[in-house]
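>>> below is the sequence, then the predicted model.
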Amino acid sequence: MGSEGVQSTRIYITGFKKFHGVFENPTEVIVSRLKDFMKGHELPSGATLGSCTVLETAGEGALNNLLKVLDSAISEEDSGTQPGEKIDGAQRIVWVHFGVNSGATRFAVERRAVNEATFRCPDEMGWQPQRVPIVAEDGPISTTRQTTLPVGDIVDYLLLKGFEVALSDDAGRFVCNYVYYHSLCHAAAAHGTQCIFVHVPLFSRIKEDIQMKFAAALLEIIAACW
């Protein structure tokens with residue numbers, strides 16, 4: 001972490017709509033409320049909040065829209081760089097993806113995603129893959145991609161803030177992992193952006209106001225990580 005990164009960060013957010021068994025997705029509420037909520041929670045100097053997008057809880061059928069959302073951040077920055085070329089310090093882009101784990105009792109910061117789509121139920125567009133590579137060019141379903149953000153430091157900071165949070169190496173194999181894997185591929189290939197995925201519990205496990213405060217603290221520490 002360092003002060004030079006604080007001056008150049010723009011953070012973009014995604015969450016999900018409802019899906020099988022979860023009729024009110026807390027991430028849809030968090031993402032929809034975040035811009036207004038952050039007006040009372042100032043980010044470090046130079047860090048700004050970009051778009052906050054709620055995605056369909058779907059994999060292959062929603063992939064084109066997901067890629068358009070990810071590309072939109074680079075278009076907005078208008079960096080002038082070529083694919084694979086890192087954005088300079090004045091144009092750092094970070095994606096924060098929120099998903100729900102309906103059985104969880106605490107937050108989970110996901111270190112990595114796996115190149116496997118094995119959906120326990122159909123997604124919201126009716127797709128239910130089994131042991132399918134998410135990105136065929138990446139090789140077998142055992143392939144993993146890992147965030148470049150210092151997740152250990154992020155978790156330590158959130159613990160010090162009093163939140164119940166843990167570091168996780170398993171984002172599941174459903175749509176959360178699917179989106180995270182594509183975002184990590186996009187981050188590696190397109191201009192050196194960064195991304196992270198965070199699972200949240202249902203509001204019945206951790207109340208909405210605490211989850212909003214958690215999201216604000218998460219953005220604060222991500223803005224300071226460089």
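Happy to help now that I have it.

>>> where along the protein do the strands fall?
Assigned by DSSP state E, the strands in the chain fall at 9-16, 48-55, 92-100, 107-110, 112-114, 144-146, 165-168, 194-200.

>>> which among those is found nearest to residue 38?
strand 48-55 (5.7 Å; Cβ to Cβ). Every residue, glycine included, has its C-beta placed from N, CA and C.

>>> how about the closest one as CSV, C-alpha atoms only?
The C-alpha trace of strand 48-55 is given here as CSV (Å, rounded to 0.1, in the frame of the first residue of the first chain):
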residue,chain,number,x,y,z
THR,A,48,-13.5,8.0,-7.1
LEU,A,49,-16.4,5.6,-7.5
GLY,A,50,-17.4,4.7,-11.1
SER,A,51,-20.5,2.8,-12.3
CYS,A,52,-22.5,0.5,-10.0
THR,A,53,-24.1,-2.2,-12.2
VAL,A,54,-26.5,-5.0,-11.2
LEU,A,55,-25.9,-8.0,-13.4
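
>>> give me the most central residue, this protein.
residue 97 (1.8 Å; Cα atoms, centre = their mean).

>>> any idea how far residue 42 is from it?
For residue 97, the distance to residue 42 equals 23 Å [Cβ to Cβ, to the nearest Å].

>>> for residue 21, same thing?
37 Å.

>>> and the longest helix for this protein?
If you go by DSSP state H, the chain has its longest helix at helix 208-224.

>>> work out the gap between that helix and the centre of the chain.
13 Å (Cα atoms, centre = their mean, to the nearest Å).
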